[in-house]
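A.B. asks: the sequence and its predicted three-dimensional model are supplied below.
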Amino acid sequence: MAMSTSQQNRDTISAFWKAMNDSDASEVSDIIKTYTHEDIAWHGPEPYNDIQGADALVDCFWQPLLHSLPDLQRECDVLLAGRYRDQDWVSASGYFSGTFVEDWNGIAATGEKTLIRFGEIMSLDAGKIVKTYFLLDLLDVMQQGGFQLGWDAPAIEGLRPKVKIGSGVLQSEQEPAETRKTLLLVEAMLFGLVRKDQPMKLYWDPEMVWNSPSGIGTARSLAEFLDRVHEVFLHGLSGTWEGSHNARYAEGRFAVSSGWPSLVAVHNGEFLTIPATGNSLHWRIMDFWERRDDLLLTNWVHIDMIHVFKQMGVDIFEMYRRYCKEQSVHES
């Protein structure tokens, strides 16, 4: 039986990331160019945004990252492949880890092991990555060094829980019936969210875990999610919710969806203590889901929160620079 394109692409990405884990900064350029198209379109978080071409990707993103964390390793919690709108995709959620020895993106090095939460969705053609959507939780990196926003997140900050059942790193073909069941459930849930009149218990296990980026935190039950997170969004973003999706597919018990933006909503209520601005907020989001039986059990949510705050008139990088100056004054 011939190997499917999804399986080939998943194997390609696994080989790519193993090569990166086993390499050092002097080898990264050759590895990137082996697995990515020379004209790759790379879409990342603030402050990177859009990078065009493999050379620029190496120079602007990978070399500075590896200079700051030379022993960088990637570990995936979820890895799945599929097809959406005539494109083949591989997607992953997990953490980078490494020793933070040099400043990075203006974030002060700590000399300590640092975790960088990531979500990545890649489109492949003929075995090469041609397009990437990539999110990093830079606010969490700042917080690991002691920085705080100045207000409490609605849910629990810290390390995000992993897959509840088995492994989310899929390595073989999945049952088509299971894949279809997961996708239909996710699509029904998303439609219910847009309508805002469907009870969440129709889609979510009572023991669900909702893992979101720093600034929001993790809810460890459906009740906690509804009480501590969902209401924050409904109160602060009560305008018409719109958006689009670049990729949405399932494989076995897992699914993924992302848009750039996948949500556009008017900021017409207090959101994370920020008073209403009336601005339209464009959200770069990735969602990964795990299903158990007939309900969704885990949701890993990646959001470019620094970009969201910027649209509300809050410059997180400037807040961080002021924090560093204050720390310097106290230490001198």
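C.D. replies: Nice, I can see it. A quick note: this is a predicted structure, and the numbers were derived from the prediction, not measured.

A.B. asks: which stretches of the stretch 151-300 of the chain form helices?
C.D. replies: Remark: helices assigned in the stretch 151-300 of the chain by DSSP state H, counting those that start in this stretch are 176-195, 222-225, 231-236.

A.B. asks: contact partners of the last one?
C.D. replies: Under the criterion CB atoms under 8 Å, 6 or more residues apart in numbering, residues 154, 196, 216, 267, 268, 269, 270, 271, 272, 274, 276 lie in contact with helix 231-236. (Glycine included, C-beta is placed from N, CA and C.)

A.B. asks: number of residues surrounding the fifth one?
C.D. replies: Okay, so that is residue 268. 16 (other CB atoms under 10 Å).

A.B. asks: let me know the pLDDT of it.
C.D. replies: Residue 268 carries a pLDDT value of 92.

A.B. asks: any regions of this protein where pLDDT drops low?
C.D. replies: 1, 194-198, 239-243, 330-332 (pLDDT under 70).

A.B. asks: for the residue nearest to residue 62 when sequence neighbours are not counted, give me phi and psi.
C.D. replies: Spatial nearest neighbour of residue 62, chain neighbours left out: residue 28 (5.2 Å); criterion: CB to CB, 6 or more residues apart in numbering. For residue 28, the backbone dihedrals (degrees, to the nearest 10) come out as phi -60, psi -40.

A.B. asks: correct me if wrong: residue 28 contacts residue 66.
C.D. replies: Yes: here residue 28 reaches residue 66: they are 6.1 Å apart, a contact under CB atoms under 8 Å.

A.B. asks: more neighbours, the two?
C.D. replies: Neighbours per residue (other CB under 10 Å) separate residue 28 from residue 66, with residue 66 holding more: 22 against 18.

A.B. asks: and the strands in this protein?
C.D. replies: Assigned by DSSP state E, the strands in the chain fall at 36-43, 50-52, 73-84, 87-99, 113-125, 128-136, 168-169, 204-211, 218-219, 247-251, 254-266, 280-292, 295-303.

A.B. asks: residues in contact with residue 100?
C.D. replies: Per CB under 8 Å, 6+ apart, neighbours of residue 100: 68, 69, 109, 110, 111, 112, 113, 114, 141, 145.

A.B. asks: repeat the analysis, applying 10 Å as the threshold.
C.D. replies: Residues in contact with residue 100 (CB atoms under 10 Å, 6 or more residues apart in numbering) are 68-70, 72, 107-116, 141, 144-145.

A.B. asks: contacting residues for the nearest residue to it once chain neighbours are set aside?
C.D. replies: The shortest distance from residue 100 to any non-neighbouring residue, by CB to CB, 6+ apart, is to residue 114 (4.1 Å). By CB under 10 Å, 6+ apart, the contact list for residue 114 reads 68-69, 72, 95-101, 104, 107, 140-141, 144-145.

A.B. asks: and which of the residues you listed is nearest residue 222?
C.D. replies: Nearest to residue 222 among the contacts of residue 114: residue 140, at 24.1 Å, using CB to CB.

A.B. asks: tally of neighbours for the closest residue to residue 123 other than its chain neighbours?
C.D. replies: Computed as CB to CB, 6+ apart, the closest residue to residue 123 that is not its neighbour in sequence is residue 131, at 4.1 Å. A count of nearby residues for residue 131, using other CB under 10 Å, gives 20.

A.B. asks: residue 131 touches residue 87, doesn't it?
C.D. replies: Yes: using CB atoms under 10 Å, residue 131 is in contact with residue 87, at 8.0 Å.

A.B. asks: now the common contact residues for those two.
C.D. replies: Both residue 131 and residue 87 are in contact with 123, 124, 125, 246, 247, where contact means CB under 10 Å, 6+ apart.

A.B. asks: quick check: residue 18 vs residue 254, distance?
C.D. replies: Distance of residue 18 to residue 254, computed by CB to CB, to the nearest Å: 21 Å.

A.B. asks: state the pair within the contacts of helix 231-236 that is farthest apart.
C.D. replies: Greatest spatial distance among those (CB to CB): 196 and 274, at 21.8 Å.

A.B. asks: report the separation between residue 65 and residue 16.
C.D. replies: For residue 65, the distance to residue 16 - CB to CB - is 16 Å.

A.B. asks: cool, and residue 294?
C.D. replies: In terms of CB to CB, residue 294 sits 35 Å off from residue 16.

A.B. asks: cheers, nothing more for now.
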